[in-house]
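In: Just to be clear, the model below is a prediction. Sequence and coordinates:
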Amino acid sequence: MKLLAIETSCDETAAAVVVDGRMAASSVVASQVDLHARYGGVVPEVASRQHLQAIVPVVREALDAAGCTLDDIDAVAATRGPGLAGSLLVGFNFAKSLAYGRELPFLGVNHLEGHIYANWLVEGPEPEFPALCLVVSGGHTDLVLMRGHGQYERLGGTRDDAAGEAFDKTGRLLGLPFPGGPAVAKEAARVESSSLTLPRAWMPGTYDFSFSGLKTAVLHVVRAGKHDVPTIAHAFQEAVVDVLAGKTSRLARELGAAEVLVAGGVAANTRLREELRRRCPVPVRIPPPKFCTDNGAMIGAAACYRFALGERSPLDEDIFTTNNWASA
């Protein structure tokens, strides 16, 4: 089947044509990074207005790149949430309108589930169950056990800042450009090791995370003025990666997981990829960087498998409707 998927949860207007949940025939992303960089973060109202301008050209480009028209599409999907309400409304209502006008099935997809299904866009055999999923992005950090398609159990998550949020805020403290994640990683790569060690919130007895204390520690180090930017960035990144890789590898061992699936924007971090693969006792699957950040192909992959399970979303559904996603 060919499915047209739309993703507008934050500041990227994205659309893709996905075939059978495994292949992205096209994936188009219109980024707003340069637009929001002057503010040091995403401005919701600006983002939603930009989605309105970009949505039609992006969908057209996705169809053209896939070499098809709406006549070739079997279903339409869009991100339901979580995300910025104004941004979500643009893509979600546009997709519903297409589905209604073309009399096509419609599926609303949870954004985090979409990130996980980016792993189905990786070449080779499909992921094996049970899979332990580490979802690590700008707004979320979760450990989820996936027993099968549509079968999730959330085992841990952040109690304050998400890992990606901590990267962005640390980048701001260090005077680095937005988005902070790639900028911090670039500075960290300039040193191989450092004497600076920042705290890790291990939170014994749980598989939860906490990065707010680490962020505060960075603030105190910056104010002390004794270390340069690359040294602080390196120490910060090592602290985040240590906790993420440590908890994920330990839980994978305890659960007897067949694989570890990594998802979300922070999954593009090279150091995190290295440590997860080094520490985990089972194979670690991570999408290529283009499918780690927000994109329509991941939403399409998730929608294809929900479609195969017989699921459809009513056209009167809104962005606040929950679906079968972990405990969300």
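Out: Yes, it's here. Values in this document were obtained by computation on a predicted structure and should not be read as measured data.

In: which residues in the stretch 201-328 of the chain form strands?
Out: Along the stretch 201-328 of the chain, the segments classed as strands by DSSP state E, counting those that start in this stretch run 259-263, 284-285.

In: likewise the stretch 51-200 of the chain?
Out: In the stretch 51-200 of the chain, the strands defined using DSSP E, counting those that start in this stretch lie at 75-81, 106-110, 131-136, 141-148, 151-157.

In: Tell me which residue is most central in this protein.
Out: residue 264 (2.6 Å; Cα atoms, centre = their mean).

In: which non-adjacent residue is nearest it?
Out: residue 137 (3.3 Å; Cβ to Cβ, 6 or more residues apart in numbering). Any C-beta I mention is one placed from the backbone N, CA and C, and that applies to glycine too.

In: Identify the residues contacting that neighbour.
Out: 112, 115, 162-164, 263-266 (Cβ atoms under 8 Å, 6 or more residues apart in numbering).

In: how's the chain carved up into domains?
Out: 2-117+291-308, 129-286 (automatic domain parsing).

In: Highest mean neighbour count out of these?
Out: domain 2-117+291-308 (a mean of 21; mean count of other Cβ atoms under 10 Å).

In: surely residue 92 meets residue 76?
Out: No. Judged on Cβ atoms under 8 Å, residue 92 makes no contact with residue 76 at a distance of 10.6 Å.

In: and residue 309, what is it in contact with?
Out: 149-150.

In: Describe which strands the strand or helix carrying residue 5 pairs with in its sheet and in which direction.
Out: Assigned by DSSP states H and E, residue 5 belongs to strand 2-7. Partners of strand 2-7 in the sheet, by DSSP bridges, are strand 12-19 (antiparallel), strand 75-81 (parallel).

In: Show residues contacting the last one.
Out: This points to strand 75-81. 1, 3-9, 88, 91-92, 94-96, 98-99, 102, 104-111, 114, 299-300, 302-303, 307, 313, 317, 319-321, 323.

In: chain center to it: distance?
Out: Here strand 75-81 shows a centroid-to-chain-centroid distance of 15 Å under the convention Cα atoms, centre = their mean, to the nearest Å.

In: Residue 100 against residue 315, yeah?
Out: Yes. With contact defined as Cβ under 8 Å, residue 100 reaches residue 315; the gap is 5.7 Å.

In: Can you pull the residues that touch both of those two?
Out: residue 106.

In: Save the domains of the chain as CSV, and put in distance to residue 123 and mean pLDDT too.
Out: CSV is the format used below for the domains of the chain (distance: least, Cβ to Cβ, whole Å; pLDDT from 0 to 100):
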stretch, distance to residue 123, mean pLDDT
domain 2-117+291-308, 9, 96
domain 129-286, 11, 96
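
In: Quick check: chain neighbours aside, which residue is closest to residue 36?
Out: Leaving aside its chain neighbours, residue 36 sits nearest to residue 42 (5.0 Å; criterion: Cβ to Cβ, 6+ apart).

In: can you pull the contacts of that neighbour?
Out: 10-11, 32, 36, 84.

In: Report the secondary structure state of it.
Out: Assigned by DSSP: H, G, I helix; E, B strand; the rest coil, the conformation of residue 42 is coil.

In: any idea how far residue 294 is from it?
Out: 11 Å (Cβ to Cβ, to the nearest Å).

In: where do the contact lists of the two overlap?
Out: residue 10.

In: what comes into contact with stretch 222-229?
Out: 173-176, 187, 194, 196, 221, 232, 235.

In: Then stretch 125-136?
Out: Counting by Cβ under 8 Å, 6+ apart, 22, 112, 115-116, 119-120, 141-148, 162-164, 244, 248, 251-252, 255-267, 272, 276, 285 sit against stretch 125-136.
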